[in-house]
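Novice: model the following, please.
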Amino acid sequence: MIARALRDAGHEVVYTGLHQTPEQIVEAASQEDVDAIGLSVLSGAHATLFPKVVELLRERGMGDVVVFGGGIIPEQDRPALEEAGLAAIFTPGTPLTEITDWVESHVPER
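Specialist: From the prediction side, this is the model:
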């Protein structure tokens, strides 16, 4: 739904599908020269997977890529994710316009 909302708002979206590893996500981001990566995890693995994506981006010299995430993320996990480098976290029920507006104002074109 978020990919479609971003596309409908005029953003180019590259959807890599479900069950991608952080390595696969960063590789696709590198190949596509993206400005941002939006991640979604419903399994509870956000505390491991989200920071790993940020770490791999930095290792590849892509630290300027904005990373935001969403899914079932407990409030107590948010500070650690933000400290790890996530620019925003959206949870279920967030209006799609709030997400598209955030992307519009926080993701500069490189």
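Novice: let's verify the residue nearest the centre of the chain: helix, strand, or coil?
Specialist: Residue closest to the mean C-alpha point of the chain, counted by C-alpha atoms, centre = their mean, is residue 38 at 2.3 Å. The three-state label given to residue 38 by DSSP: H, G, I helix; E, B strand; the rest coil is strand.
Novice: what does residue 89 give?
Specialist: Using three-state DSSP, the structure places residue 89 in strand.
Novice: look up how far residue 6 lies from the residue of the chain most remote from its centre.
Specialist: Distance from the centre of the chain peaks at residue 76, with 18.9 Å (C-alpha atoms, centre = their mean). Residue 76 sits 28 Å away from residue 6, going by C-beta to C-beta, to the nearest Å. Bear in mind the C-beta positions are built from the backbone N, C-alpha and C, glycine included.
Novice: same check, this time on residue 74
Specialist: Distance of residue 74 to residue 6, given as C-beta to C-beta: 25 Å.
Novice: tell me which of those two has more neighbours.
Specialist: residue 6 (21 against 10; other C-beta atoms under 10 Å).
Novice: give me the element that one is part of.
Specialist: Residue 6 belongs to helix 2-8 when elements are defined using DSSP states H and E.
Novice: and residue 10, what are its phi and psi?
Specialist: phi 100, psi 10 (degrees, to the nearest 10).
Novice: how many residues are close by residue 65?
Specialist: Around residue 65 there are 22 residues (other C-beta under 10 Å).
Novice: go on, residue 80?
Specialist: By other C-beta under 10 Å, the residues close to residue 80 number 13.
Novice: what's the answer for the one 5 residues further on, then?
Specialist: If you count neighbours by other C-beta under 10 Å, residue 85 ends up with 17.
Novice: and residue 1, by the same measure?
Specialist: Quick note: residue 1 (other C-beta under 10 Å) scores 8 neighbours.
Novice: how much space between it and residue 100?
Specialist: When distances are taken as C-beta to C-beta, residue 1 and residue 100 turn out to be 11 Å apart.
Novice: fine by me, we can end here.
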